[in-house]
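*Asks:* predicted model and sequence follow; I will ask about them next.
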Amino acid sequence: MFFWGAATSSHQVEGGNYNDWSEWEIKSAKIKVQNAKLQKWPEFILNPPAGGPNPLQEENYISGKAAEHYRRFHEDFDIAKSLGHNAHRFSIEWSRIEPEQGTFDEEEIKHYRNVVEALRKRGLEPFVSLWHFTLPLWLRKIGGTENKEFPSYFQRYAEKITAALKDKIRFWITLNEPEIYSLNACFRGRWPPQKKSIFSFYKSLRNLAAAHQNAYEAIKTILPKAEVGAAVNLSYFESSGGLINDFFKNAAEGLMNFHFLNSVCPKIDFIGLNYYFHNRIDWGFNKNANKWLSDMEWEIYPEGIYHVLTSLKKYKLPIYITENGVADSRDILRQKFIQEHIIWIKKAIKEGINVRGYFYWSLLDNFEWDKGFWPRFGLVEVNYKTLKRKIRPSALAYKKIIEGNRAL
Ligand code: BGC
């Protein structure tokens, strides 16, 4: 059975989180507004749908109540079900489960059992991510992913969750985008803790790879039947030709696409592919034609997903597209975006690539990390004042695609 659905992550939709991001958001909101004032924003971003915050407002940068999915998950899963989905990807918020080092909150564990039961009841196969960028504050204080004990802390948390949910979950995603996280948090200085060091980057990435391996063992020991993967953000690096461009393509691909996967193999049962980016290399990076752009001015390049999928053939593992989506507040790009990506995915499948699922990012409008609320990725629009949900037309178009491709 092919899995069709959408994805979310705890911090981006739940609301009421208290972790390293929530602290940093409050500290950095003012400066982000100042920076935003230096840019020119199109009218549709300054006047977002349903009165949501725009980039010039501090509230844009503070996750706060987010989409209040923590309280409204039943309603949200009803919507997913009504849209024809048969699977759903979500993440568990570590800072809720282990708010103090070594102290686990049983009430919060129960909450996620309820979440999983709510999915099962509606016939939605749960794909659970154990970590999607946020850290409990105690762990941030001792160095986060750079702490050499990180892999063992993560293992203990993974054991706890596996023991609690083992009768309910088959698909486990240990980590979300370890490379992107390490890049943005430790090298580019964009995400907390805003480091800018190549050593921090490598330390973080190495610890995340070890954390994956530990969690893999832990989950498999408790639940041998589990399918355990990781979600990686892979770009289509395209060389415009010639030795030098080819060299940079291979180097970039090696570091950003394959390094993590190579370092965790064979302790991985499937690859979760998050596909967003094309990067054309022509005597420099990002020499893209940029013919089609999202609200965030990211190039939309559906063909790239085909190339990335074929580049994964060597791993001989099943692949789930765990994320693929577009920021589009007016819902004028999304339908075509989904259609075109699926055409290229189908071509890869026809050529023998073992793709078994597709999760659109995201089910709901949500908190887009350092950018805040203004980018709108949702199949479902969220009114951030009333928290009312509104299904976008593209969600219905996606439903039709699902109905026409049940047996992919
Ligand atoms: C992340 C999501 C994020 C999305 C859009 C992915 O890299 O996993 O959390 O919202 O991209 O930027």
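*Replies:* Received it, and whenever you're ready, just let me know what you need.
*Asks:* contacts for stretch 79-86 next, please.
*Replies:* Stretch 79-86 is contacted by residues 1, 3-6, 88, 122-125, 363, 379-380, 389, 391, 395-396, 398-399, 402-403 when judged by CB atoms under 8 Å, 6 or more residues apart in numbering. Just so you know, the C-beta spots here come from the backbone N, C-alpha and C atoms, and that holds for glycine as well.
*Asks:* pretty sure residue 390 contacts residue 383?
*Replies:* Yes - the pair residue 390 and residue 383 qualifies as a contact (CB atoms under 8 Å) at a distance of 7.1 Å.
*Asks:* please enumerate the shared neighbours of the two.
*Replies:* Residues touching both residue 390 and residue 383 (CB under 8 Å, 6+ apart): residue 50.
*Asks:* got a list of what residue 239 touches?
*Replies:* Residue 239 is in contact with 245, 246, 248, 249, 281, counting by CB under 8 Å, 6+ apart.
*Asks:* so what's it bridging to?
*Replies:* Beta bridges link residue 239 to residue 281 when assigned by DSSP bridges.
*Asks:* so how far is residue 307 from it?
*Replies:* The span separating residue 239 from residue 307 equals 11 Å under the rule CB to CB, to the nearest Å.
*Asks:* ok, now residue 158?
*Replies:* 33 Å.
*Asks:* between those two, tell me which one has more neighbours.
*Replies:* residue 158 (26 against 18; other CB atoms under 10 Å).
*Asks:* can you tell me the closest non-neighbouring residue to the more buried one?
*Replies:* residue 215 (3.8 Å; CB to CB, 6 or more residues apart in numbering).
*Asks:* what helix or strand does the one you found sit in?
*Replies:* For residue 215, the host element (DSSP states H and E) is helix 198-222.
*Asks:* hmm, that helix touching the ligand?
*Replies:* No - Helix 198-222 stays clear of the ligand (CB under 6 Å from any ligand atom), getting no nearer than 13.9 Å.
*Asks:* remind me what that helix packs against, helices and strands.
*Replies:* The helices and strands touching helix 198-222, judged by 3 or more CB pairs under 8 Å, 6 or more residues apart in numbering; DSSP states H and E, are helix 150-165, strand 171-176, helix 178-182, strand 227-233, helix 259-264.
*Asks:* now for the shortest one, which elements pack on it?
*Replies:* To tie it back to what came earlier, the one meant is helix 178-182. Packing partners of helix 178-182 (3+ CB pairs under 8 Å, 6+ apart): helix 198-222, strand 227-233, helix 259-264.
*Asks:* which residues are contacting that helix?
*Replies:* Taking CB under 8 Å, 6+ apart as the rule, helix 178-182 contacts 133, 145, 191, 200-202, 204-205, 208-209, 212, 230, 232-233, 255-256, 259-260.
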